[in-house]
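J.: sequence-free structure coming up:
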C-alpha cells in the first residue's frame, strides 16, 4: 500500500512551458484534491474531484487544469507556466463523505520552480 | 470570507499543555471540525476530528462547545517534536454537492526546551 504518490519530486520550468504533475493513490479513495503552498504560507485548494469524471474548482484554479479518468489518478496540468506558480504542490485523497468528515492523506509534494 | 480563524503563532515549553483555539462562526450543521499538523517540507497529517463535545485520541484532544462556533485543540505535555503548523478545517460546499476542504492560515507552534 503506497498511499499517495506524486511525481516528479522536483521540477524547474521556463516561463511559458507546460507540464503535468502526477498524483496516484491506491486506497480506492473517491475524493482527491490538489493544493499549492507558497513559502511560509498556508495551503490553497486548486482543484478537487469527488470521483471519476467529476471535478470542481477550488480557491486558486486559474492556470491549472485537471481531469479524473480513473479513481486512482488525478493529474494537474499547468497550461503555460508563470513565475507566480513557483510553489510546492500537494496532492491528497480521502474517502468521500456526505458531511465534511474527510480524513485526507497527503503525498510528499512536488517542488516546482518557474524561471 | 475565511471559514476559520486561528492565532498566527504560539510559543510553549517542553512538558506544557498547549491549547490552540479556532473560530468557525459560520459552521454548517453537518460540518465536522478537523485538525491537521504540518512539519516543514512535508504534507499535512491528520490529527483529530470531531463534531461536538470532546474527542480524544493518542495524540490530542478536541473540545467543541455546544454552539460549535469554535473548537480547541489540546496537546498534552508537548515536546520539541511538536513544533509544527496546526490547521483547523471545516467544510465548504462545492458545486459537486459535496464538501471541499479549504485550509486556513494555520497556527505556527514553537516548542522550546
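T.: Happy to help now that I have it. None of the values given here were measured: they were computed from a predicted structure.

J.: For residue B:82, what are phi and psi?
T.: When quoted as degrees, to the nearest 10, the phi and psi of residue B:82 stand at phi -90, psi 0.

J.: contacting residues for the residue nearest to it when sequence neighbours are not counted?
T.: Sequence neighbours aside, residue B:111 is the residue nearest to residue B:82 in space, at 5.3 Å (criterion: CB to CB, 6 or more residues apart in numbering or on different chains). Glycine gets a C-beta too; all of them are placed from N, C-alpha and C. Remark: with contacts taken as CB atoms under 8 Å, 6 or more residues apart in numbering or on different chains, residue B:111 is in contact with B:11-14, B:18, B:78-83.

J.: can we see that at 6 Å?
T.: Shown here is residue B:111, whose contacts under the criterion CB atoms under 6 Å, 6 or more residues apart in numbering or on different chains are B:12, B:78, B:80, B:82-83.

J.: Throw those into a markdown table and include pLDDT, thanks.
T.: As requested, these are arranged in a markdown table below (pLDDT from 0 to 100):
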| residue | pLDDT |
| --- | --- |
| B:12 | 97 |
| B:78 | 97 |
| B:80 | 97 |
| B:82 | 97 |
| B:83 | 97 |
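
J.: which one of those is nearest residue A:79?
T.: Checking these against residue A:79 by CB to CB gives residue B:83 as the nearest, at 37.9 Å.

J.: Three-state assignment for the residue lying closest to that closest one once chain neighbours are set aside, please.
T.: In space, not counting the residues next to it along the chain, residue B:83 is nearest to residue B:111; the distance is 4.8 Å by CB to CB, 6+ apart. Per DSSP: H, G, I helix; E, B strand; the rest coil, the local secondary structure of residue B:111 is strand.

J.: thinking again about what came up before, for chain A, state which of the contacts of residue B:111 is nearest.
T.: Distance ranking of these against chain A, using CB to the nearest CB, places residue B:83 first at 15.2 Å.

J.: and the helix or strand of chain B with the lowest mean pLDDT with chain A, contact?
T.: Among the helical and strand segments of chain B, the one scoring lowest on mean pLDDT, DSSP states H and E is strand B:91-93, with a mean of 84. Yes - contact between strand B:91-93 and chain A is present through residue B:91 (criterion: CB under 6 Å from any CB of the partner chain).

J.: what comes up buried for the next helix or strand after that strand?
T.: Using DSSP states H and E, the helix or strand that follows strand B:91-93 in sequence is strand B:99-101. Judged by neighbour count (16 or more other CB atoms under 10 Å in any protein chain shown), strand B:99-101 contains these buried residues: B:99-101.

J.: ok, which of these also contact chain A?
T.: Contacts with chain A within those, counted by CB under 6 Å from any CB: B:99-101.

J.: mind giving me CSV with these and columns for pLDDT and distance to residue A:35?
T.: CSV is the format used below for these (pLDDT from 0 to 100; distance: CB to CB, whole Å):
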residue, pLDDT, distance to residue A:35
B:99, 84, 15
B:100, 87, 11
B:101, 88, 9
